[in-house]
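J.: Need a 3D model of the sequence below.
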Amino acid sequence: MKLFYSTASPYARTAQIVLREVNLDPKSIEVQTHPFDNNVEFLKANPLGKVPCLITDKDDGIFDSEVICQYLDAEFNQGKLWQPVQSSWALRTTYSLTSGLLDLAVARRQEIMRDGDGLKSDFWWQRFNDGLRRGFEELENRMTLMPDGFNLLDINLACLIDYMAFRHSDLDCIGSQVMSRFQLFQNRPSIKQTQPSD
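T.: Residues are numbered from 1 along each chain as shown. Model (predicted):
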C-alpha cells in the first residue's frame, strides 16, 4: 500500500493522520510527491493528478481525501473514526462545513500566489474572505453538536485550524469554542507528527 502526499496539502494531511490513528506504519506507506512532478505511478493511480492518492495492496487507486480516510478507517479500524460523524445529518453537515472551509482556505492561498504574477482578483479575494468568516461563525455555533471522542470531524478540524495558521495567520476568524475543541486533541502524536510545511 502507498499513500502519495504533499507536506503542504491539508487534504493529504487528513489521510496521514488517519493512517497513524489506525496504527499503520507511515514509513512503509507514505510517499512524498508533488503533483507537478508527474510521477507515472501516481498519475496512473489518480489521473486527476491531485494528492492524496492511495494505492491499495490490490493495486487499486483511491483518491479524494474523504474517501481515503473512510477506506482506511473501515478496513483497519472497524469504522470507529467515521461512525460518530455518520450518526446524524447535523454532524455530517458539520463535516462538510469543515471540508468547505478547507476548500476556501486553499483557494485563498492560490489567490495569494497569483498576486505575484499580477493576476490576483479583488472580487475573488473578498469572496474567499467573506466565506471563511461566515463559515467559521457557523462552525462556532455547531460546536455544541460535537460527539465525544476523537473522530474524522476532529481530524478535518485539526487540518483546517493548522492550515489557517500555516497560510492565513493574517485572518482572525476562528472562534473560542472551535479552538477549545482543537485543544482537546492538538497534542495527539498523529497531529504533531504531520504538521504542514513547505
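J.: How is this structure divided into domains?
T.: Per automatic domain parsing, the structural domains of the chain span 2-77, 83-189.
J.: From one end of the first one to the other, what's the distance?
T.: Here the two ends of domain 2-77 are set 18 Å apart, with distance taken as CA to CA, to the nearest Å.
J.: list the contacts for the closest residue to residue 193 other than its chain neighbours?
T.: Distance criterion CB to CB, 6 or more residues apart in numbering; nearest residue to residue 193, sequence neighbours excluded, is residue 20 at 6.6 Å. Quick note: C-beta positions are derived from backbone N, CA and C, even for glycine. By CB atoms under 8 Å, 6 or more residues apart in numbering, the residues touching residue 20 are 26, 189, 190, 193, 194.
J.: go on, residue 104?
T.: So residue 104 contacts 128, 131, 132, 135 (CB under 8 Å, 6+ apart).
J.: if we can go back for a sec, would you reformat the domains of the chain as JSON lines and include mean pLDDT?
T.: Output for those, formatted as JSON lines (pLDDT from 0 to 100):
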{"stretch": "domain 2-77", "mean pLDDT": "96"}
{"stretch": "domain 83-189", "mean pLDDT": "97"}
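J.: Pull the number of nearby residues for residue 81.
T.: Residue 81: 24 surrounding residues under other CB atoms under 10 Å.
J.: Touching, it and residue 153? I think so.
T.: No: using CB atoms under 8 Å as the test, residue 81 is too far from residue 153 to be in contact (9.0 Å).
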